[in-house]
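Q: Structure, please.
(one chain, ligands or ions: 1)
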Amino acid sequence: MNLGDLAYPDVPRDAVHLLPLGATEPHGPHAPLSTDTLISVGICKRAAEQLEGEIHVLVLPAVPYGVTRYGSAFPGAVSIGEETLRSLVTEVAETVGRLVLVNSHFEPEQVETLRSTGLPLLDLTRRKNAERLTEEFRSGSCHAGRYETSLVLADRPELVHADRMQVLEERHVDMPAAIRAGQTDFVAMGMDEAYCGSPADSSAEEGRETFETLTEMLVTLIREVAA
Ligand SMILES: [Zn+2]
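A: Residues are numbered from 1 along each chain as shown. All right, here's what the predicted structure looks like:
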């Protein structure tokens with residue numbers, strides 16, 4: 001189900017393709033720069049497994065770069081511009097045919113760019129999706145906090161520095177409000193360690209539950225696209 005693992009005679013012609021989109025961006029002192037990408041890949045993998053025997057689903061190689069400016073004060077942030085992202089996504093769609101975008105990086109310029117392509121998008125910032133997710137996610141104080149860190153713990157626990165995570169104090173930052181107020185970097189928002197929310201409360205169990213919910217949402221979307 002990973003397109004890149006197949007040899008060409010084995011590629012089904014009628015597949016729905018999933019494009020996992022993430023970022024390379026600081027996620028606290030405890031979680032990997034690839035957090036958003038890992039989450040998108042985890043959702044895609046589960047949805048493809050769930051639909052096996054029903055719909056041909058192929059997971060494309062993930063896009064590890066996004067429009068990521070808020071974290072630029074920290075080492076490890078690698079950003080691309082809106083036009084680059086838009087071109088990449090639309091050209092991939094022209095090549096493969098049926099395509100669903102699966103995004104886990106929520107900087108507004110990233111989300112707006114993906115929406116503007118008009119392609120099917122698992123958009124977790126839409127209310128009908130967001131209201132099914134955890135309290136921390138809904139609070140908007142959730143960068144590298146409990147929500148995201150739990151998801152990484154579910155799939156790649158070896159990438160989370162548990163010793164650092166356990167001593168991080170809860171940090172409440174209403175990111176949507178801060179963004180509306182014109183703050184465009186983590187430090188200005190009060191995130192001097194590139195996180196908000198409550199990473200110390202993370203668990204692999206919560207991550208697995210959240211993955212289940214996210215997978216349900218994506219499976220529904222894929223069925224709509226395939227119909
Ligand atoms: Zn993230």
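Q: When you work out contacts or count neighbours from here on, use the C-alpha atoms and nothing else.
A: Will do.
Q: Regarding this protein, what is its longest helix?
A: Ordering each helix of the chain by length in residues (DSSP state H) puts helix 204-226 first.
Q: for it, the distance to its chain's centre please.
A: Distance of helix 204-226 from its chain centroid, counting by CA atoms, centre = their mean, to the nearest Å, is 12 Å.
Q: Flag every buried residue along the least confident helix or strand in the chain by mean pLDDT.
A: The weakest-scoring helix or strand in the chain, judged by mean pLDDT, DSSP states H and E, is helix 175-180 (a mean of 91). Within helix 175-180, the residues that qualify as buried are 175, 178, counting by 16 or more other CA atoms under 10 Å.
Q: what's the spacing between the residue positioned nearest the centre of the chain and Ser72?
A: Nearest to the geometric centre of the chain sits Ser104, at 1.6 Å (CA atoms, centre = their mean). Ser104 is 18 Å from Ser72, where distance means CA to CA, to the nearest Å.
Q: I'd like the average pLDDT over stretch 34-49.
A: If you average the pLDDT over stretch 34-49, you get 98.
Q: how about it: buried residues?
A: Buried, per 16+ other CA under 10 Å, within stretch 34-49: 34-48.
Q: Packing partners of the helix or strand Ile39 falls within?
A: Element membership for Ile39 (DSSP states H and E) is helix 35-50. If you count contacts as 3 or more CA pairs under 8 Å, 6 or more residues apart in numbering; DSSP states H and E, helix 35-50 packs onto strand 16-21, strand 57-59, strand 99-103, helix 146-155, helix 204-226.
Q: how far is it from where the chain is centred?
A: 9 Å.
Q: do the same with stretch 58-68
A: Taking mean C-alpha positions (CA atoms, centre = their mean), stretch 58-68 and its chain are 9 Å apart.
Q: could I have that stretch exported to PDB, CA atoms only?
A: Only the C-alpha atoms of stretch 58-68 are listed here, as PDB (Å, rounded to 0.1, in the frame of the first residue of the first chain):
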ATOM      1  CA  LEU A  58      -2.000   3.800  -2.200                       C
ATOM      2  CA  VAL A  59       0.000   6.000   0.200                       C
ATOM      3  CA  LEU A  60       2.400   8.300  -1.600                       C
ATOM      4  CA  PRO A  61       5.800   9.200  -0.200                       C
ATOM      5  CA  ALA A  62       5.200  11.900   2.400                       C
ATOM      6  CA  VAL A  63       5.900  15.500   1.900                       C
ATOM      7  CA  PRO A  64       8.200  16.400   4.900                       C
ATOM      8  CA  TYR A  65       8.200  20.200   4.100                       C
ATOM      9  CA  GLY A  66       5.500  22.700   4.700                       C
ATOM     10  CA  VAL A  67       4.900  26.400   5.100                       C
ATOM     11  CA  THR A  68       6.500  26.700   8.500                       C
END
